[in-house]
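# Here you go, sequence then predicted model.
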Amino acid sequence: MNNGNGRRLNGETEEDDDDEGSEGDLDAWERTYADERSWESLQEDESGLLRPVDNKTLYHAQYRRRIRSLSSQATTSRIQKGLIRYLYIVVDLSRAAAEMDYRPSRMAVVAKHVEAFIREFFDQNPLSQLGLVTIKDGIAHCLTDLGGSPESHVKALMGKLECSGESSLQNALDLVHGYLNQIPSYGHREVLILYSALSTCDPGDILETIQKCKKSKMRCSVIGLSAEIFICKHLCQETGGSYSVAMDESHFKELILEHAPPPPAIAEFAIANLIKMGFPQRAAESSIAICSCHKEAKVGGGYTCPRCKARVCELPTECRICGLTLISSPHLARSYHHLFPIVPFDEVSSSVLNDPHNRLPRSCFGCQQSLPNPGNKPSLRVACPKCKQHFCLDCDIYIHESLHNCPGCESFRHSKTPIATEE
């Protein structure tokens, strides 16, 4: 039924028209969050039948692409890494962090991935220290001082997740500069800023602050969550950091985890230095001593400084009494693989797999699981260029990201005899 203006009075039809109009007004990233659109990810096999989405294959492809880019950078020049890092993470908690273009909000997404980054950072950098700074209401707040305890950093961040006011990049840089300017010369000073706002409300000239950070050899990197900002790009260019803008949550996760491995050392810090370190002994479980960290008496556990005999709770840390860096031998061993990383494994080409004259191993040398027949799919196995052993992609990821040693090479090194392969 029509009225005088020619408009349909059928309520159901009007509702459908409104739905179509609202759907058409959404951008691509908005539609992804609105209804997931899972049917757009469906794939077909050779016979035209639908098959489930293989997220594992996509993850393997992303890993192989990343490992190839890292290997190409390593082969171009010999890079010295900075293993003793002092990193401050600056989290923007201004009004812009409450935007919901990331689900459920930018603040929630940033907090989740910062927690994962903190744990990954200390796993890959056991000799380093980290601190947290937040920006809200135009003021920079120091949540945690530089330290080596991931649990204390995570607990402090999760207790301060509130957004308000404007963001001030200059105040954050001034605050971080005051802390990092006091660390020893052998330490690598870094700042990672997770910026949500599109502007900065500064009390003075931010360009002077950037030059001050540059003179102090601070490497400042920024990950934006909204759009590219000139002052953030200028900051990264002047201090030798990296600037990138996240397109979605998965891209943000990838960008922030790129800062976990130690970066190349700055030329002025590439000179070899002798650093005094202490290897404390663990105290007896029945001993009672005053902990220098918490200023209270504790029973059992803890470590004793070899220089001043003070008690500390955990390693690595700096003695609160004499200032000696306290570590354990496993911390040095875990940092060793950054200096001599394991070479990337080569993908076994389909021509080699389909050649009947090649007698290839039927199972993975790492997990002993049978390697599937590739068929028309891309290569599903890789081979170590040194020991020539074949591995599945899951073992490839575990070897390069967690184990940092090739089982085939280590077995050959200890046995001093060639390893028999299953044929």
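Okay, I see it.

# got the buried residues for stretch 233-241?
By neighbour count on 16 or more other C-beta atoms under 10 Å, the buried set for stretch 233-241 is 235-236, 239-241. Bear in mind the C-beta positions are built from the backbone N, C-alpha and C, glycine included.

# OK, contacts around S149?
S149 is in contact with E314, counting by C-beta atoms under 8 Å, 6 or more residues apart in numbering.

# could the buried residues of stretch 233-241 go into CSV alongside distance to V90?
Shown next, in CSV, are the buried residues of stretch 233-241 (distance: C-beta to C-beta, whole Å):
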residue, distance to V90
L235, 11
C236, 13
T239, 13
G240, 17
G241, 12
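
# and the two most separated of those residues?
Maximum pairwise distance in the buried residues of stretch 233-241, criterion C-beta to C-beta, is 10.4 Å, between L235 and G240.

# that older thread, adding pLDDT, write the buried residues of stretch 233-241 out as TSV.
Formatted as TSV, the buried residues of stretch 233-241 follow (pLDDT from 0 to 100):
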residue	pLDDT
L235	97
C236	96
T239	94
G240	91
G241	93
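
# got CSV for those residues, with distance to I84 and secondary structure too?
Output for the buried residues of stretch 233-241, formatted as CSV (distance: C-beta to C-beta, whole Å; DSSP: H, G, I helix; E, B strand; the rest coil):
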residue, distance to I84, secondary structure
L235, 24, helix
C236, 22, helix
T239, 19, helix
G240, 18, coil
G241, 18, coil
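
# Which one of these is nearest to I206?
L235 (8.3 Å).

# Mind splitting this protein into its structural domains?
Annotated domains of the chain cover 85-266, 278-331, 346-415 [automatic domain parsing].

# Can you tell me which of those is nearest to G48?
Between these, domain 346-415 lies closest to G48; by C-beta to C-beta that is 14.3 Å.

# quick one: the helices in the stretch 151-300 of the chain?
169-180, 206-215, 230-239, 249-257 (DSSP state H, counting those that start in this stretch).

# relative to helix 230-239, how tilted is the first one?
Between helix 169-180 and helix 230-239, the angle formed by their directions is 30 degrees, by axes from the mean of the first three to the mean of the last three C-alpha atoms, to 10 degrees.

# Which residues does helix 169-180 contact?
By C-beta under 8 Å, 6+ apart, helix 169-180 touches 86, 88, 90, 131, 133, 135, 138-140, 142, 145-146, 189, 191, 193, 195, 200, 202-204, 206, 209-210, 212-213, 216, 218, 220, 231-232, 235.

# again with stretch 247-256
29, 32, 102-103, 109-110, 113-114, 116-117, 192, 194, 223, 225, 244, 246.

# and if we set it to 6 Å?
Stretch 247-256 has contacts (C-beta atoms under 6 Å, 6 or more residues apart in numbering) with 102, 109, 113, 117, 223, 244, 246.

# For that stretch, C-alpha coordinates in CSV please.
Extracted as CSV, the C-alpha positions of stretch 247-256 are listed here (Å, rounded to 0.1, in the frame of the first residue of the first chain):
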residue,chain,number,x,y,z
MET,A,247,45.4,-2.6,10.2
ASP,A,248,43.6,-5.0,12.5
GLU,A,249,44.2,-7.0,15.7
SER,A,250,46.2,-9.8,14.1
HIS,A,251,48.4,-7.3,12.4
PHE,A,252,48.9,-5.4,15.7
LYS,A,253,50.0,-8.7,17.4
GLU,A,254,52.5,-9.3,14.6
LEU,A,255,53.9,-5.8,14.9
ILE,A,256,54.3,-5.8,18.6
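
# roughly how far is stretch 394-414 from the heart of the chain?
Remark: stretch 394-414 is offset 22 Å from the chain centroid, using C-alpha atoms, centre = their mean, to the nearest Å.

# Equivalent analysis for stretch 196-213, please.
Counting by C-alpha atoms, centre = their mean, stretch 196-213 comes out at 26 Å from the chain centroid.

# How much space separates G138 from H404?
Here the distance between G138 and H404 works out to 44 Å (C-beta to C-beta, to the nearest Å).

# Poorly predicted segments of the stretch 301-423 of the chain, please.
338-339, 372-379, 414-423 (pLDDT under 70).

# try 80
Applying pLDDT under 80 to the stretch 301-423 of the chain flags the ranges 301, 331-341, 350-359, 372-380, 401-402, 413-423.

# same thing with the stretch 101-250 of the chain?
Using pLDDT under 80, the flagged stretches of the stretch 101-250 of the chain are 185-186.

# cutoff 90 now
101-104, 120, 123-128, 146-150, 152, 159-161, 182-188, 248, 250 (pLDDT under 90).

# Alpha carbons only: can I get stretch 182-202 in CSV?
The C-alpha trace of stretch 182-202 is given here as CSV (Å, rounded to 0.1, in the frame of the first residue of the first chain):
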residue,chain,number,x,y,z
GLN,A,182,70.5,6.9,34.3
ILE,A,183,71.2,3.4,33.1
PRO,A,184,74.8,2.2,32.4
SER,A,185,76.4,2.9,29.1
TYR,A,186,76.4,-0.7,28.0
GLY,A,187,72.6,-1.0,28.2
HIS,A,188,70.5,-0.4,25.1
ARG,A,189,67.8,2.2,25.8
GLU,A,190,64.5,1.6,24.0
VAL,A,191,61.0,3.0,24.0
LEU,A,192,58.0,1.3,22.5
ILE,A,193,54.9,3.6,22.2
LEU,A,194,51.5,2.1,21.5
TYR,A,195,49.7,5.2,20.3
SER,A,196,45.9,5.4,19.8
ALA,A,197,45.3,9.2,19.5
LEU,A,198,45.5,11.2,16.3
SER,A,199,47.1,14.2,18.0
THR,A,200,49.3,15.2,20.9
CYS,A,201,48.7,17.9,23.5
ASP,A,202,52.2,19.0,24.6
